[in-house]
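> Below is the structure, and that's it, no one-letter string:
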(Lines give C-alpha, C1' and ligand atoms only; values in the text may rest on other atoms or scores of the structure.)
Protein backbone atom coordinates (compact mmCIF):
# COMPACT_ATOMS: atom_id res chain seq x y z
CA UNK A 1 0.00 0.00 0.00
CA UNK A 2 1.10 3.55 -0.70
CA UNK A 3 -0.71 5.90 1.71
CA UNK A 4 -0.87 9.68 1.77
CA UNK A 5 -3.08 12.72 1.54
CA UNK A 6 -1.98 13.42 -2.05
CA UNK A 7 -3.27 17.00 -1.97
CA UNK A 8 -2.58 17.07 -4.90
CA UNK A 9 -0.96 14.03 -6.50
CA UNK A 10 2.38 14.94 -8.09
CA UNK A 11 4.70 13.35 -10.62
CA UNK A 12 6.87 12.32 -7.66
CA UNK A 13 3.99 10.32 -6.16
CA UNK A 14 3.28 8.71 -9.50
CA UNK A 15 6.95 7.75 -9.90
CA UNK A 16 6.94 6.01 -6.50
CA UNK A 17 3.85 3.99 -7.48
CA UNK A 18 5.42 3.00 -10.82
CA UNK A 19 8.60 1.88 -9.11
CA UNK A 20 6.71 0.06 -6.33
CA UNK A 21 4.97 -1.95 -9.05
CA UNK A 22 8.37 -3.37 -10.00
CA UNK A 23 8.62 -4.77 -6.45
CA UNK A 24 5.02 -5.81 -5.78
CA UNK A 25 2.28 -7.38 -7.92
CA UNK A 26 -0.25 -4.83 -6.70
CA UNK A 27 0.03 -1.35 -5.23
CA UNK A 28 -3.00 0.09 -3.48
CA UNK A 29 -2.83 3.86 -3.20
CA UNK A 30 -4.73 4.87 -0.09
CA UNK A 31 -5.97 8.44 0.11
CA UNK A 32 -6.14 9.10 3.82
CA UNK A 33 -9.13 10.90 5.29
CA UNK A 34 -8.09 12.98 8.28
CA UNK A 35 -10.82 15.34 9.51
CA UNK A 36 -8.22 17.32 11.47
CA UNK A 37 -6.20 18.09 8.35
CA UNK A 38 -7.32 20.90 6.04
CA UNK A 39 -6.98 20.00 2.37
CA UNK A 40 -7.31 22.02 -0.80
CA UNK A 41 -8.99 19.27 -2.83
CA UNK A 42 -11.85 17.08 -1.65
CA UNK A 43 -11.16 13.43 -0.96
CA UNK A 44 -13.23 12.51 -4.02
CA UNK A 45 -11.18 14.85 -6.22
CA UNK A 46 -7.93 13.43 -4.88
CA UNK A 47 -9.13 9.86 -5.42
CA UNK A 48 -10.37 10.55 -8.95
CA UNK A 49 -7.23 12.46 -9.97
CA UNK A 50 -4.91 9.73 -8.68
CA UNK A 51 -7.07 7.00 -10.25
CA UNK A 52 -6.83 8.76 -13.62
CA UNK A 53 -3.05 9.07 -13.21
CA UNK A 54 -2.60 5.31 -12.61
CA UNK A 55 -5.31 4.10 -15.01
CA UNK A 56 -2.70 2.73 -17.43
CA UNK A 57 -0.63 1.00 -14.73
CA UNK A 58 -1.61 -2.66 -14.33
CA UNK A 59 -1.70 -3.60 -10.68
CA UNK A 60 -2.37 -0.10 -9.34
CA UNK A 61 -5.64 0.88 -7.73
CA UNK A 62 -6.79 3.77 -5.57
CA UNK A 63 -9.12 3.87 -2.59
CA UNK A 64 -9.96 6.22 0.25
CA UNK A 65 -9.89 5.29 3.90
CA UNK A 66 -10.47 7.06 7.20
CA UNK A 67 -8.60 6.18 10.33
CA UNK A 68 -5.34 4.42 11.01
CA UNK A 69 -3.18 3.18 8.15
CA UNK A 70 -2.42 0.09 10.25
CA UNK A 71 -6.14 -0.80 10.23
CA UNK A 72 -6.31 -0.37 6.45
CA UNK A 73 -3.24 -2.60 6.05
CA UNK A 74 -4.97 -5.38 7.97
CA UNK A 75 -8.24 -4.86 6.11
CA UNK A 76 -6.74 -5.12 2.61
CA UNK A 77 -4.00 -7.61 3.54
CA UNK A 78 -1.12 -5.29 2.66
CA UNK A 79 2.30 -6.89 2.99
CA UNK A 80 4.15 -3.56 3.10
CA UNK A 81 3.74 0.19 3.17
CA UNK A 82 5.67 2.02 0.47
CA UNK A 83 6.82 5.58 1.09
CA UNK A 84 8.90 7.89 -1.06
CA UNK A 85 11.73 9.88 0.49
CA UNK A 86 13.12 13.11 -0.97
CA UNK A 87 15.71 13.52 1.75
CA UNK A 88 16.59 13.16 5.40
CA UNK A 89 13.75 15.35 6.64
CA UNK A 90 11.25 13.00 5.01
CA UNK A 91 12.86 10.03 6.75
CA UNK A 92 12.79 11.85 10.09
CA UNK A 93 9.03 12.38 9.80
CA UNK A 94 8.25 8.95 8.31
CA UNK A 95 10.32 6.76 10.62
CA UNK A 96 8.15 7.12 13.76
CA UNK A 97 5.06 6.31 11.68
CA UNK A 98 6.85 3.27 10.29
CA UNK A 99 7.61 2.01 13.79
CA UNK A 100 4.03 2.59 14.94
CA UNK A 101 2.56 0.79 11.91
CA UNK A 102 4.86 -2.17 12.57
CA UNK A 103 3.77 -2.16 16.22
CA UNK A 104 0.06 -1.92 15.42
CA UNK A 105 -0.22 -4.13 12.32
CA UNK A 106 3.10 -5.95 11.96
CA UNK A 107 3.57 -4.35 8.55
CA UNK A 108 6.98 -3.16 7.36
CA UNK A 109 7.61 0.11 5.55
CA UNK A 110 9.68 0.10 2.38
CA UNK A 111 11.32 3.40 1.51
CA UNK A 112 12.04 4.36 -2.09
CA UNK A 113 14.37 7.26 -2.76
CA UNK A 114 12.88 9.95 -4.92
CA UNK A 115 14.00 10.21 -8.52
CA UNK A 116 16.58 13.03 -8.51
CA UNK A 117 14.75 14.98 -11.23
CA UNK A 118 11.56 14.94 -9.13
CA UNK A 119 12.94 15.42 -5.62
CA UNK A 120 12.09 19.14 -5.53
CA UNK A 121 8.37 18.45 -6.01
CA UNK A 122 6.00 18.28 -3.05
CA UNK A 123 2.26 18.82 -2.83
CA UNK A 124 2.87 21.83 -0.57
CA UNK A 125 5.23 23.44 -3.09
CA UNK A 126 2.83 22.75 -5.97
CA UNK A 127 0.02 24.52 -4.09
CA UNK A 128 2.29 27.44 -3.18
CA UNK A 129 3.44 27.94 -6.77
CA UNK A 130 -0.14 27.69 -8.05
CA UNK A 131 -1.42 30.08 -5.36
CA UNK A 132 0.77 32.80 -6.86
CA UNK A 133 -0.06 32.01 -10.47
CA UNK A 134 3.01 29.91 -11.25
CA UNK A 135 2.95 27.13 -13.80
CA UNK A 136 2.49 23.65 -12.29
CA UNK A 137 1.52 21.49 -15.27
CA UNK A 138 5.04 20.06 -15.45
CA UNK A 139 4.87 18.99 -11.78
CA UNK A 140 1.60 17.05 -11.75
CA UNK A 141 -0.21 14.44 -13.88
CA UNK A 142 -2.66 15.65 -16.57
CA UNK A 143 -5.82 17.25 -15.20
CA UNK A 144 -4.40 17.95 -11.75
CA UNK A 145 -3.24 21.51 -12.49
CA UNK A 146 -6.74 22.57 -13.57
CA UNK A 147 -8.23 21.13 -10.36
CA UNK A 148 -5.66 22.96 -8.23
CA UNK A 149 -6.12 26.28 -10.03
CA UNK A 150 -9.91 25.93 -9.78
CA UNK A 151 -9.75 25.18 -6.05
CA UNK A 152 -7.47 28.17 -5.47
CA UNK A 153 -9.35 30.49 -7.82
CA UNK A 154 -6.11 31.26 -9.65
CA UNK A 155 -4.60 30.63 -13.05
CA UNK A 156 -1.06 30.65 -14.40
CA UNK A 157 0.16 34.22 -14.78
CA UNK A 158 0.93 35.49 -18.24
CA UNK A 159 4.62 35.42 -18.91
CA UNK A 160 6.30 38.76 -18.57
CA UNK A 161 7.62 39.90 -21.89
CA UNK A 162 9.53 42.96 -22.90
CA UNK A 163 9.52 44.53 -26.27
CA UNK A 164 11.81 47.19 -27.62
CA UNK A 165 8.89 49.59 -27.46
CA UNK A 166 8.68 49.14 -23.69
CA UNK A 167 12.07 50.81 -23.33
CA UNK A 168 11.25 54.00 -25.19
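Ah, there it is. Treat the numbers as computed from the prediction; the structure is a model and nothing was measured.

> Now stretch 147-161: buried residues?
147, 148, 149, 151 (16 or more other Cβ atoms under 10 Å). Quick note: C-beta positions are derived from backbone N, CA and C, even for glycine.

> Would you mind checking the average pLDDT for it?
Average pLDDT, stretch 147-161: 80.

> Do you know the pLDDT at residue 35?
Residue-level pLDDT assigned to residue 35 equals 78.

> Strands along the protein, start to end?
Applying DSSP state E to the chain gives strands spanning 2-4, 27-33, 60-66, 80-85, 108-113.

> got those as a markdown table, with distance to residue 101 and mean neighbour count columns?
Conversion of the strands of the chain to a markdown table gives the following (distance: least, Cβ to Cβ, whole Å; neighbours: other Cβ atoms under 10 Å):
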| stretch | distance to residue 101 | mean neighbour count |
| --- | --- | --- |
| strand 2-4 | 9 | 22 |
| strand 27-33 | 12 | 22 |
| strand 60-66 | 14 | 17 |
| strand 80-85 | 6 | 21 |
| strand 108-113 | 6 | 15 |
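
> Just the endpoints, please. Distance across stretch 114-122?
End-to-end distance of stretch 114-122 (Cα to Cα, to the nearest Å): 11 Å.

> Let the chain start at 16 from now.
That works, and once the first residue is 16, the last one we named lands at stretch 129-137.

> Next, the buried residues of it.
Residues of stretch 129-137 classed as buried by neighbour count (16+ other Cβ under 10 Å): 129, 130, 133, 136, 137.

> What of stretch 25-36?
Buried residues in stretch 25-36, counted by 16+ other Cβ under 10 Å: 25, 26, 27, 28, 29, 30, 31, 32, 34, 35, 36.

> quick one: which of the residues you listed sit in helices?
26, 27, 28, 29, 30, 31, 32, 34, 35 (DSSP state H).
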